[in-house]
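Participant: Quick one, what's the 3D model for this:
(2 chains)
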Amino acid sequence: MTDVAFMDSTGLGMLVAVLKRAKEAGGSLVLSGPQRQVRRVLQITGVEDLFAVAGSVEDAAEA
Amino acid sequence: MSTQQTPASARLEGPATAEHASVVRRFVASLGQIAGLPPDLTEDLKLAASELFGDFVASEGNTVVTATTTANDLTVRFEGPGLIDGKTVGFAVVEALFHDVSVSDGVISLRIPLSA
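Facilitator: Just a heads-up that it's a prediction; the model follows:
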């Protein structure tokens, strides 16, 4: 997500939907390299603990 | 979209469509910078504008964003179509970001104190 410079609750809703589908399929979702503004949205909405976060795509693949 | 600006206020009016959301964000970001808001607070203002504009996009019509700056504060007003009842996720985010938020007759006002 390093190229995502802005996200609001609409984007967050999509992430939650993807997370739900991934879990239903037995998988997981790791956010790689979210910028400060994206992390702020996760924080302000109180869902930051729902998402695993990695510094890079490579780190996310290993998570 | 059209803009009008005086030394103390600025106004942006345009259709409440998704493609104009970025225009509204840039507008309020510019206002925040001109008013001297810290970068983090300006980012929060952009997020608030996006949330409120997103609520308006659910309806058709024009949205008006008006900002007024005084020596003490920056007040940003959002007027748009649709029922704003303060129960949307977007509005909850705005309330989490800013303490001084009011809704009256379909107009949402954010008052942001300016540091001396």
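
Participant: Is there any residue in stretch A:14-26 that contacts chain B?
Facilitator: No: applying Cβ under 8 Å from any Cβ of the partner chain, one finds that stretch A:14-26 is not in contact with chain B, the shortest distance being 10.9 Å. Backbone N, C-alpha and C define where each C-beta goes, glycine included.

Participant: got the buried residues for that stretch?
Facilitator: Counting neighbours by 16 or more other Cβ atoms under 10 Å in any protein chain shown, one finds that the buried residues in stretch A:14-26 are A:15, A:16, A:19.

Participant: what helices or strands is whatever helix or strand the second one lives in leaning on?
Facilitator: Meaning residue A:16. Under the assignment given by DSSP states H and E, the secondary-structure element containing residue A:16 is helix A:9-24. For helix A:9-24, the helices and strands in contact under the criterion 3 or more Cβ pairs under 8 Å, 6 or more residues apart in numbering or on different chains; DSSP states H and E are helix A:36-44, helix B:39-57, helix B:89-97.

Participant: Return that helix as PDB; C-alpha atoms alone will do.
Facilitator: What follows is the C-alpha trace of helix A:9-24 in PDB, where atoms were taken according to Å, rounded to 0.1, in the frame of the first residue of the first chain:
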ATOM      1  CA  SER A   9     -13.800   5.100   5.500                       C
ATOM      2  CA  THR A  10     -15.000   3.900   2.100                       C
ATOM      3  CA  GLY A  11     -11.600   2.500   1.400                       C
ATOM      4  CA  LEU A  12     -11.500   1.100   4.900                       C
ATOM      5  CA  GLY A  13     -14.800  -0.700   4.300                       C
ATOM      6  CA  MET A  14     -13.300  -2.300   1.200                       C
ATOM      7  CA  LEU A  15     -10.300  -3.500   3.200                       C
ATOM      8  CA  VAL A  16     -12.600  -5.000   5.900                       C
ATOM      9  CA  ALA A  17     -14.600  -6.800   3.200                       C
ATOM     10  CA  VAL A  18     -11.400  -8.200   1.600                       C
ATOM     11  CA  LEU A  19     -10.200  -9.200   5.100                       C
ATOM     12  CA  LYS A  20     -13.500 -11.000   5.700                       C
ATOM     13  CA  ARG A  21     -13.400 -12.800   2.400                       C
ATOM     14  CA  ALA A  22      -9.700 -13.800   2.900                       C
ATOM     15  CA  LYS A  23     -10.500 -15.300   6.300                       C
ATOM     16  CA  GLU A  24     -13.500 -17.100   5.000                       C
END
